[in-house]
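Asker: Need a 3D model of the following:
(2 chains)
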There are 2 protein chains.
Amino acid sequence: MVFTKIVLIVEYDGTGYHGFQLQANMPTIQGELEKALWRLTQERIRVTAASRTDTGVHAKGQAVRFRTKSSLPLQTFIKGLNYYLPQDIAVKTAYRVGESFNVRRSALSREYNYYILNSLIRSPIRRGFSYLVAGHLDIGVMSEACQALIGEHDFTSFASCIGVKIKNTLRTVYRAEFQKNGELVIFNMVANSFLPHQVRNTIGTLIRVGLGKMTVDEFCSIIETKKPGLAGPTVPARGLCLIRIDYPYPFEEEMQ
Amino acid sequence: MVFTKIVLIVEYDGTGYHGFQLQANMPTIQGELEKALWRLTQERIRVTAASRTDTGVHAKGQAVRFRTKSSLPLQTFIKGLNYYLPQDIAVKTAYRVGESFNVRRSALSREYNYYILNSLIRSPIRRGFSYLVAGHLDIGVMSEACQALIGEHDFTSFASCIGVKIKNTLRTVYRAEFQKNGELVIFNMVANSFLPHQVRNTIGTLIRVGLGKMTVDEFCSIIETKKPGLAGPTVPARGLCLIRIDYPYPFEEEMQ
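Answerer: Next comes the predicted model:
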């Protein structure tokens, strides 16, 4: 029996889902993808994501891999899955990959955006995809604090312990920066990988810096403390979006 | 009894509403605003909008006026109404205006955006606020066609007749232009006022031009024909957003 390995690039509005990972009796992205794959191929297929997003987190470019016996063309996978998937999940593109490809371990980096609406008044149009911060945010000082995140660090201080002991808490942050577009403040963070809740605890702490409730020095010392509890609060999931996963080679090379 | 006249600038996600205007047993923006005003002031208040948006149409800056006996400060109106309003409607700001102010007739112009997602694949994140067009759109030729809209014209060809005879079908278009941001194509249109469905019929026709199904000359002759039926199709409401209403003086002058 010949299996082929396929990677899907998936966009979703995470509002209605209990995260990516399969859970009994709860709607999840994995559950919907596996249901759509079953309808299309009549195979019981397990999918694995590059970055397991939490309840309510969105994605523009999640990478999801699976194995199939089907020899359907990639375009048929894309169109067929989009036909069966609900409107809040879509397969943007698909690639065939080699057997050695590992959707998690082959990834060079993960990129996330966090959207803050810095306004006195909530925004009905942006409400599903941003977090409202009413106090004035000093983007300059937040950008300064960000610099301390760049490079390889033990990010224990920014991890939420969800009953799981994490062996290796070293992560390499390649980019951490703010961009302002009117009332919208976008925090962009790229790292080789992230600890649980790392982006949301980082932005929660940076907001305290931006509001003048914490100095840049205090922010830096939280990193150095390497103990959970000082960072945060964990900002809401609805502001977070997984933008893309980077791999060491363009998928196109293996595309058929 | 002294009444004061107040203008609210209102943002809403129109997805769940049967348009602005009050309808029996249907959720409407007007209905929600009047309910919130009743809760805040205990007065039965009627509100009037500058531009009556249709079912499913969104607004970033709708102008809504009402009269009240209340002498509550404007900030209390804003906060109080936002407390009582549902999450998909918000009052962004409020101004006191003079008795001669007419929210509809005093308006110099109305500005609308229409959001097209020009992509082969639907977008879960943008789905509530855009219209998917899969075929390649030639923005250059659409921009060329747009020029014919500028100025004062009889726009009968672009009006939907909804059983109502419109006396004056002359309208002055001040701006009609496209902007491209990746897969997102934004059509921006400013006019003194609009005929029913004018923006949605205009963009429906321009999409035919952009897809190569109609020439710029044919587009121009539709304007000149002054007969309904040739323009369109009427594109979906979810891509349309009322951006702002312009008045001949800054509200701030009359603000208290």
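
Asker: Going by C-alpha atoms from here, please, whenever you check contacts or count neighbours.
Answerer: Will do.

Asker: Number of residues surrounding A:Val190?
Answerer: A:Val190 has 23 neighbouring residues, counting by other C-alpha atoms under 10 Å in any protein chain shown.

Asker: C-terminal to the helix or strand hosting it, what's the next element?
Answerer: With elements taken from DSSP states H and E, the one containing A:Val190 is strand A:184-191. The helix or strand immediately downstream of strand A:184-191 is helix A:198-210, counting by DSSP H and E.

Asker: Report the mean confidence score over that following helix.
Answerer: The pLDDT scores in helix A:198-210 average 98.

Asker: For that helix, output the C-alpha coordinates as CSV.
Answerer: Extracted as CSV, the C-alpha positions of helix A:198-210 are listed here (Å, rounded to 0.1, in the frame of the first residue of the first chain):
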residue,chain,number,x,y,z
GLN,A,198,4.0,32.5,25.2
VAL,A,199,2.8,35.1,22.8
ARG,A,200,-0.3,36.0,24.8
ASN,A,201,1.7,36.3,28.1
THR,A,202,4.4,38.3,26.3
ILE,A,203,1.9,40.8,24.9
GLY,A,204,0.0,41.0,28.2
THR,A,205,3.3,42.0,29.9
LEU,A,206,4.2,44.4,27.1
ILE,A,207,0.8,46.1,27.5
ARG,A,208,1.7,46.8,31.1
VAL,A,209,4.9,48.4,29.9
GLY,A,210,3.0,50.4,27.3
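
Asker: Which other helices and strands does that helix contact?
Answerer: The contact analysis (3 or more C-alpha pairs under 8 Å, 6 or more residues apart in numbering or on different chains; DSSP states H and E) places helix A:198-210 against strand A:109-118, helix A:139-146, helix A:216-225.

Asker: Which residues does the shortest one contact?
Answerer: Taking C-alpha atoms under 8 Å, 6 or more residues apart in numbering or on different chains as the criterion, the residues outside helix A:139-146 that touch it are A:Ala176, A:Glu177, A:Phe178, A:Leu206, A:Ile207, A:Val209, A:Gly210, A:Val216, A:Phe219, A:Cys220.

Asker: In those residues, find the pair that's most separated.
Answerer: A:Phe178 and A:Cys220 (17.4 Å; C-alpha to C-alpha).

Asker: Those two: which is more packed in?
Answerer: Neighbours per residue (other C-alpha under 10 Å) separate A:Phe178 from A:Cys220, with A:Phe178 holding more: 18 against 15.

Asker: between the strand holding A:Val190 and helix A:139-146, how big is the angle?
Answerer: With axes from the mean of the first three to the mean of the last three C-alpha atoms, to 10 degrees defining the directions, strand A:184-191 sits at 10 degrees from helix A:139-146.

Asker: Partner strands of strand A:184-191 and their direction?
Answerer: In the sheet containing strand A:184-191, its partner strands are strand A:109-118 (antiparallel), strand A:170-181 (antiparallel), by DSSP bridges.

Asker: out of those strands, deepest packed?
Answerer: Each of the strands paired with strand A:184-191 was assessed for mean neighbour count using mean count of other C-alpha atoms under 10 Å in any protein chain shown. The highest is strand A:109-118, with a mean of 23.

Asker: Could I have the CA atoms of that one written out in CSV?
Answerer: Taking only C-alpha atoms (Å, rounded to 0.1, in the frame of the first residue of the first chain), the coordinates of strand A:109-118 have been written out as CSV:
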residue,chain,number,x,y,z
SER,A,109,9.9,29.2,12.6
ARG,A,110,6.3,30.1,13.5
GLU,A,111,5.0,33.6,13.0
TYR,A,112,2.1,35.1,15.0
ASN,A,113,0.3,38.4,15.0
TYR,A,114,-1.5,39.8,18.0
TYR,A,115,-4.1,42.6,17.3
ILE,A,116,-4.7,45.3,19.9
LEU,A,117,-7.4,47.9,19.4
ASN,A,118,-6.1,50.9,21.3
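
Asker: Now do the contacts for the residue in the stretch 101-250 of chain A that chain B sits nearest to.
Answerer: Using C-alpha to the nearest C-alpha, the point where the stretch 101-250 of chain A gets nearest to chain B is A:Pro124, with a distance of 4.5 Å. Contact analysis of A:Pro124 by C-alpha under 8 Å, 6+ apart lists B:Glu11, B:Tyr12, B:Asp13, B:Gln87, B:Asp88, B:Ile89, B:Ala90.

Asker: Drop anything exposed from the residues you listed.
Answerer: The neighbour-count test (16 or more other C-alpha atoms under 10 Å in any protein chain shown) applied to the contacts of A:Pro124 identifies B:Glu11, B:Tyr12, B:Asp13, B:Asp88, B:Ile89, B:Ala90 as buried.

Asker: Between which two of these is the distance greatest?
Answerer: Maximum pairwise distance in these, criterion C-alpha to C-alpha, is 9.3 Å, between B:Asp13 and B:Ala90.

Asker: Test my guess that A:Phe158 contacts A:Pro233.
Answerer: No - no contact is recorded between A:Phe158 and A:Pro233 when judged using C-alpha atoms under 8 Å, the distance being 9.9 Å.

Asker: Can you report phi and psi for A:Ala90?
Answerer: Backbone torsions for A:Ala90, taken as degrees, to the nearest 10, come to phi -150, psi 140.

Asker: give me the beta-bridge partners of it?
Answerer: For A:Ala90, the residues forming beta bridges with it (DSSP bridges) are A:Glu11.

Asker: wouldn't it be in contact with A:Val10 here?
Answerer: Yes - A:Ala90 is within contact range of A:Val10, at 5.8 Å (criterion: C-alpha under 8 Å).

Asker: circling back to that earlier point, in terms of neighbours, single out the busier of A:Phe158 and A:Pro233.
Answerer: Between A:Phe158 and A:Pro233, A:Phe158 has the larger neighbour count (other C-alpha under 10 Å), namely 31 against 17.

Asker: How confident was the prediction at that one?
Answerer: 94.

Asker: and what of A:Ile162?
Answerer: The predicted local distance difference test score for A:Ile162 is 61.

Asker: do A:Met255 as well
Answerer: With respect to pLDDT, A:Met255 has a value of 45.

Asker: same check, this time on A:Tyr131
Answerer: Reading off the per-residue confidence, A:Tyr131 sits at a pLDDT of 98.

Asker: Now do it against B:Thr76, distance only.
Answerer: Distance of A:Tyr131 to B:Thr76, given as C-alpha to C-alpha, to the nearest Å: 23 Å.

Asker: now do A:Val185
Answerer: 27 Å.

Asker: neighbour-wise, which of these two wins?
Answerer: Taking A:Val185 and B:Thr76 together and counting by other C-alpha under 10 Å, A:Val185 has the greater number of neighbours (20 against 13).

Asker: on that earlier part again, and the nearest residue to the residue of the stretch 101-250 of chain A closest to chain B once chain neighbours are set aside, what is it in contact with?
Answerer: With sequence-adjacent residues excluded and distances taken as C-alpha to C-alpha, 6 or more residues apart in numbering or on different chains, A:Pro124 is closest to B:Asp88, at 4.5 Å. Taking C-alpha under 8 Å, 6+ apart as the contact definition, B:Asp88 lies against A:Ser123, A:Pro124, A:Ile125, A:Arg127, B:Tyr12, B:Asp13, B:Gly14.

Asker: Could I get the phi/psi values of B:Asp88?
Answerer: phi -90, psi 10.

Asker: On the pLDDT front, check it for me.
Answerer: Among the per-residue scores, B:Asp88 shows a pLDDT of 98.

Asker: got it, and A:Lys227?
Answerer: 88.
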